[in-house]
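Q: Structure for this input, please:
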Amino acid sequence: VKGLLAAGEAGCASVHGANRLGANSLLDLVVFGRQAADTTAELVKPNSPPVEIPKNAGAETIARFDKFRNASGPIPTATLRKE
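A: Got it, this is the predicted structure:
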């Protein structure tokens, strides 16, 4: 998504591999924190107007999650957890 920046738990890169636990290291903070700051400085100019987001932004994604969250199939969740 153009203009979307993510860091920390929401980021997908790590010097320890693409996992969320790697984002907690000091090395990740130094390496990716600096890169995020440099990239942000390039993309976002002082006094630039905020990006307009549609009122229904994310509604389709929430509906998709709700479909899975509220699904009732033939196998109980507790049974699946044991596998």
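Q: any low-confidence regions in this structure?
A: 1-3, 7-25 (pLDDT under 70).
Q: how close does residue 65 sit to residue 58?
A: Going from residue 65 to residue 58 by CB to CB, to the nearest Å gives 10 Å. Every C-beta, even on glycine, is put in place using the N, C-alpha and C of the backbone.
Q: which residues of the chain fall in helices?
A: Ranges of helices in the chain, per DSSP state H, are 26-43, 59-69, 77-82.
Q: Highest mean neighbour count out of those helices?
A: Mean neighbours per residue, mean count of other CB atoms under 10 Å, is largest over the helices of the chain for helix 26-43, with a mean of 12.
Q: chain center to that helix, what's the gap?
A: Using CA atoms, centre = their mean, to the nearest Å, the mean C-alpha position of helix 26-43 is found 16 Å from that of the whole chain.
Q: what does stretch 50-67 give?
A: Counting by CA atoms, centre = their mean, stretch 50-67 is centred 14 Å from the centre of its parent chain.
Q: who's in contact with stretch 62-82?
A: Residues from elsewhere that reach stretch 62-82, judged by CB atoms under 8 Å, 6 or more residues apart in numbering: none at all.
Q: need the helices of the chain in CSV with distance to residue 51, can you?
A: Shown next, in CSV, are the helices of the chain (distance: least, CB to CB, whole Å):
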stretch, distance to residue 51
helix 26-43, 11
helix 59-69, 18
helix 77-82, 38
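Q: Farthest from the middle of the protein: give me that residue.
A: The C-alpha centroid of the chain is most remote from residue 74, which lies 31.4 Å away (CA atoms, centre = their mean).
Q: so how far is residue 80 from that one?
A: Relative to residue 80, and taking CB to CB, residue 74 is found at 11 Å.
Q: Could you do residue 26 as well?
A: From residue 26 to residue 80 the distance is 37 Å (CB to CB).
Q: How about residue 53?
A: 36 Å.
Q: One more: residue 45?
A: Distance from residue 45 to residue 80, by CB to CB: 49 Å.
Q: same deal with residue 63?
A: Distance, residue 63 to residue 80, by CB to CB: 23 Å.
Q: And residue 34, by the same measure?
A: 42 Å.
Q: ok, back up a step: which one, of the helices of the chain, ends up nearest to residue 4?
A: helix 26-43 (10.5 Å; CB to CB).
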